[in-house]
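Undergrad: Next come a sequence and a model predicted from it.
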Amino acid sequence: MSTATEGATPGFLVWRLSMKWRVAVDRAVGPLGLTHAQYSLLGSLYGMERSGRRPSQRELADHTGMEALYVSKLARALEGAGVIERTRDATDSRAIRLTLTEHGREVTGRAIAIVQDLHERFLAPLGGPGSPRTKAFTAELAALLGTPLDTDPEEQS
């Protein structure tokens, strides 16, 4: 363990790990003209479209954990780059629906392949993506993500 992690709190380690992953993805998808945040939006949109969904910006924000205003900013930039289309919802004029363009599907497919390779290298110390240790680690992360932190525990009583 490095001196930066000796005696570190779980919160600090989660922060360091998330920063390490963000920087690695930024570097990996940078040659495609993408940032980690843009990749997260596009990859999520790609998966949702493959399952037959055409999400709104709000639904994509909820799915990714990003703020709705940030998703809107990213979506406008990605629309300008020709990788997504933004259209008003026919039944809710406040909602903006997102779809990948043909160019967007091609770029996203390349980015997914790059990040999958990075993902495999990232999880190698745990035995790889399908290993029991990785599955247990994923379950622990999911448990932490499911813990609400936006309210005071005393207010819930």
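TA: On my side now, so go ahead.
Undergrad: Could you use CA atoms for every contact and neighbour count after this?
TA: Fine.
Undergrad: Show me where this structure has its helices.
TA: 10-29, 36-50, 57-64, 68-80, 102-123, 132-145 (DSSP state H).
Undergrad: Tabulate these in a markdown table, adding columns for mean neighbour count and distance to Arg94.
TA: Below are these laid out as a markdown table (neighbours: other Cα atoms under 10 Å; distance: least, Cα to Cα, whole Å):
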| stretch | mean neighbour count | distance to Arg94 |
| --- | --- | --- |
| helix 10-29 | 14 | 31 |
| helix 36-50 | 19 | 19 |
| helix 57-64 | 18 | 10 |
| helix 68-80 | 16 | 12 |
| helix 102-123 | 16 | 24 |
| helix 132-145 | 12 | 29 |
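Undergrad: With respect to Ala95, which of those lies nearest?
TA: helix 57-64 (7.2 Å; Cα to Cα).
Undergrad: before we move on, the earlier item: can you add distance to Thr87 and mean pLDDT and give the helices of the chain back as a markdown table?
TA: Formatted as a markdown table, the helices of the chain follow (distance: least, Cα to Cα, whole Å; pLDDT from 0 to 100):
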| stretch | distance to Thr87 | mean pLDDT |
| --- | --- | --- |
| helix 10-29 | 26 | 95 |
| helix 36-50 | 14 | 96 |
| helix 57-64 | 10 | 95 |
| helix 68-80 | 11 | 96 |
| helix 102-123 | 16 | 97 |
| helix 132-145 | 31 | 94 |
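Undergrad: out of those, nearest to Thr91?
TA: helix 57-64 (14.8 Å).
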